[in-house]
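Peer 1: can't give you the sequence, but here's the structure:
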């Protein structure tokens, strides 16, 4: 039995879902949700408060208990908009990792949107129709359109039920003026993407968030529909909220208090989405980010990793020399295996991705191409990769040649330093950009680096010898001895 777990550190709630892989399907085997309101812990300085960090970690410690016995490869935990925004997210991640005992990544808005679409469409009946999927979170809203499991266009907007409620209803009063201001502000965020979605078009619309699920339940319970959300139904729901007058008075059957407290902001955002994109009706759907994470994990385990497709697409887009990238990757992995035979699979995969993308900066300029490559990796939209993944790959790509001071912090971490050394040596040995039959070699790194290489082989390659001597000088400049020993 293969169990997989996804943890969504959302801006409103933290959610844990455990699923059992059954072929290409995942059946839910456990679920846990806590309302944390992470977005409410962001101060005017864009930093998470100490109290909020502590409260979030208490929640994660409880989730850790539910994950007992699961291997790290079976678990994926991600943070979304609030952690993208928080200036002290590194501080949060350090403490949160200790509480959860599993790695936590921060994903970009578009990666969040991709995963939401994958999760939502996996819970819907198969269809060739074009689908629009909307997810209103605590601090961001994702809008995606596509067919099957593949998004054609995806965007993330910085509007959400918690943020909108706090900003436009700070004193808890609900009136027409406040609601209108909230709706107009949300629409302003969405407006620039309106034409892109209209140009693609869609046949049916779905919503996968708590706000949309709550709206569907309320409309059905009041006899205003079958659970499908319509513009007229939203108008009735808005009037009910206005009649309550205050957030503390908002109460609906089957809607939990913590959802009712942020419903007015969520409905204002949903109203703006309907108006901006001209939606007539929207059906609620399950799945969303957690399901997307689970199916993404399943794909990685089954070697159908979306990251491989992303890397191939980027190589093609930037005209990378793919045969050379494969050679560099093969050699670098051999060197890394010699340095760290027990390195985690993820660390090896990171090195492989860096090798495949190490020269994409040639598309910008041959001068300082490694810097251009690192910039593209760090700032591009790479489906399947978290922002942490991209940072690790960009660090390697930047450090593939030249001065090591630009990646100095990596040299004190054996996993990161080993990857850098392996990539740098591999690019040196393949400098001629053609297949190289490796000679006898050895590689050790403890307090110093010793690279052993066959004497007759290196004697026939004076340029390679020169490049290795220059490499020794680069390591010496950061206080690390590098020796080339002929064997």
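Peer 2: Cool, the structure landed. It should be emphasised that the depicted structure is a prediction, and the values quoted were computed from it without experimental measurement.

Peer 1: just for the protein, where's the confidence low?
Peer 2: Counting by pLDDT under 70, the low-confidence segments of the chain come to 1.

Peer 1: domain parsing for it?
Peer 2: Domain assignment for the chain by automatic domain parsing gives 2-107+292-298, 124-285, 305-435.

Peer 1: tell me which element residue 145 is part of?
Peer 2: Using DSSP states H and E, residue 145 maps to strand 141-147.

Peer 1: who does that strand pair up with?
Peer 2: Using DSSP bridges, the strands paired with strand 141-147 are strand 131-136 (antiparallel), strand 150-157 (antiparallel).

Peer 1: what's the most buried one of those?
Peer 2: Highest mean neighbour count among those (mean count of other C-beta atoms under 10 Å): strand 131-136, with a mean of 27. Yep, even glycine has a C-beta here, placed from its N, CA and C like the rest.

Peer 1: identify all contacting residues around that one.
Peer 2: 113, 116-117, 120-121, 124, 141-147, 159-161, 197, 202-212, 266, 269-270, 273, 277, 279, 282, 285, 288-289 (C-beta atoms under 8 Å, 6 or more residues apart in numbering).

Peer 1: wait, residue 395 sits on residue 407?
Peer 2: Yes. With contact defined as C-beta atoms under 8 Å, residue 395 counts as touching residue 407 (5.8 Å).

Peer 1: between the two, what contacts are shared?
Peer 2: With C-beta under 8 Å, 6+ apart, residue 395 and residue 407 have common neighbours residue 420.

Peer 1: what about those two, which has more around it?
Peer 2: residue 395 (22 against 19; other C-beta atoms under 10 Å).

Peer 1: which strand or helix spans the more buried one?
Peer 2: Per DSSP H and E: helix 387-398 holds residue 395.

Peer 1: show me what secondary structure element comes after that helix.
Peer 2: Sequence order places helix 414-429 as the next helix or strand after helix 387-398, per DSSP H and E.

Peer 1: summarise which helices and strands that next one is packed against.
Peer 2: Under the contact criterion of 3 or more C-beta pairs under 8 Å, 6 or more residues apart in numbering; DSSP states H and E, helix 414-429 touches helix 322-339, helix 345-357, helix 387-398, strand 441-445, helix 462-476.

Peer 1: enumerate the positions of that helix that are buried.
Peer 2: By neighbour count on 16 or more other C-beta atoms under 10 Å, the buried set for helix 414-429 is 415-429.

Peer 1: what does it rub up against?
Peer 2: With C-beta under 8 Å, 6+ apart as the criterion, helix 414-429 contacts 328-329, 331-333, 335-336, 339-340, 343-344, 347, 350-351, 354-355, 358, 392, 395-396, 399-401, 404, 407, 410-411, 436, 438, 443, 445, 449, 451, 464, 467-468, 471.

Peer 1: apart from its chain neighbours, what residue comes closest to residue 56?
Peer 2: residue 36 (5.4 Å; C-beta to C-beta, 6 or more residues apart in numbering).

Peer 1: please tell me I have it right and that neighbour contacts residue 14.
Peer 2: Yes. Residue 36 is in contact with residue 14 according to C-beta under 8 Å; the separation is 5.1 Å.

Peer 1: hey, what's in contact with both of the two?
Peer 2: Common neighbours of residue 36 and residue 14, counting by C-beta under 8 Å, 6+ apart, are 56, 59.

Peer 1: now list the buried members of the contacts of helix 414-429.
Peer 2: 328-329, 331-333, 335-336, 339-340, 343, 347, 350-351, 354-355, 358, 392, 395-396, 399-401, 404, 407, 410-411, 436, 443, 445, 449, 451, 464, 467-468, 471.

Peer 1: surely residue 32 is in contact with residue 8?
Peer 2: No. Residue 32 is not in contact with residue 8 according to C-beta under 8 Å; the separation is 10.9 Å.

Peer 1: now do the shared contacts for those two.
Peer 2: Common neighbours of residue 32 and residue 8, using C-beta under 8 Å, 6+ apart, are 15-17.

Peer 1: quick check, nearest of those to residue 87?
Peer 2: The shortest approach to residue 87 among the shared contacts of residue 32 and residue 8 belongs to residue 15, at 24.8 Å (C-beta to C-beta).

Peer 1: do a quick rundown of the strands in the stretch 201-350 of the chain.
Peer 2: 204-207, 229-230, 281-284 (DSSP state E, counting those that start in this stretch).

Peer 1: for the ones you listed, which one sits closest to residue 483?
Peer 2: If you check each of these against residue 483 by C-beta to C-beta, strand 204-207 wins as the nearest, at 61.4 Å.
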